[in-house]
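> Just the structure for this:
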Amino acid sequence: PEALSFDEAGCLTATWLTAYRMLFTKSGLTPGDTVLVQGAGGGVSAALIRLATAGGIRTWVTSRTAEKRQAALDMGADAAFPHRASLPAPVDAVMESVGRATWAHSIRSLRAGGTVVVTGATTGGTPPALLNRIFWNELRVVGSTSGTLEELRKLIAFMERENLRPDIDSVFHHS
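Coordinates of the predicted model:
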């Protein structure tokens, strides 16, 4: 897209498209809803924060470090909590990429009928399922990865409309 540099555009398909699909295709979230982003330090998490905030979704995050929580707040998150902290209220959806270390917290943080969208499991892919809580509260567990060409087009249009640009920490060019 003309509005983005080559380096910024390079961020779109791996992280931003994944985040876009999680939020706007898979989660069922609408403006005014609350989302919890687990593990606020990664690239997908950063994109989730920026996209959700721009989309009018109240955005809460967790992280183990105060620095990453502050960085999430600086990106626009509405609130940041320590890893596994009790939340002030149940959330409508959880964006989960951490896995075993946050799974129980993700399931317990959802309101009845809420959705957890899973796109990764960096701390392990076999957490206790908590099936009783899932069926009793009629929770949805949805897998998500990358996105479609049409979602990429929608992402680019959304970013242009909201004047969003990927945050880039470092650029390495191969010569």
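> May I see the buried residues of the lengthiest helix in the chain?
The helix that spans the most residues within the chain, counting by DSSP state H, is helix 149-162. Neighbour-count burial for helix 149-162, with 16 or more other CB atoms under 10 Å as criterion, is recorded at Glu151, Leu152, Lys154, Leu155, Ile156, Phe158, Met159. For glycine as for every other residue, the C-beta is placed from the backbone atoms N, C-alpha and C.
> What of stretch 118-126?
Val118, Thr119, Gly120, Ala121.
> Out of the residues you listed, which two sit at the greatest distance?
Thr119 and Ala121 (9.0 Å; CB to CB).
> could you measure Thr115 against Ser5, distance?
34 Å (CB to CB, to the nearest Å).
> More neighbours: which of these two?
For Thr115 versus Ser5, neighbours defined as other CB atoms under 10 Å are more numerous around Thr115 (20 against 13).
> Which helix or strand contains the more buried one?
strand 110-118 (DSSP states H and E).
> Tabulate the CA atom coordinates of that strand in PDB.
The C-alpha trace of strand 110-118 is given here as PDB (Å, rounded to 0.1, in the frame of the first residue of the first chain):
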ATOM      1  CA  LEU A 110     -14.500 -15.000  29.900                       C
ATOM      2  CA  ARG A 111     -18.100 -14.100  30.500                       C
ATOM      3  CA  ALA A 112     -20.700 -16.700  29.900                       C
ATOM      4  CA  GLY A 113     -21.000 -17.200  26.100                       C
ATOM      5  CA  GLY A 114     -17.600 -15.600  25.500                       C
ATOM      6  CA  THR A 115     -14.900 -16.700  23.000                       C
ATOM      7  CA  VAL A 116     -11.300 -17.500  23.300                       C
ATOM      8  CA  VAL A 117      -9.400 -17.200  20.000                       C
ATOM      9  CA  VAL A 118      -6.300 -19.300  19.900                       C
END
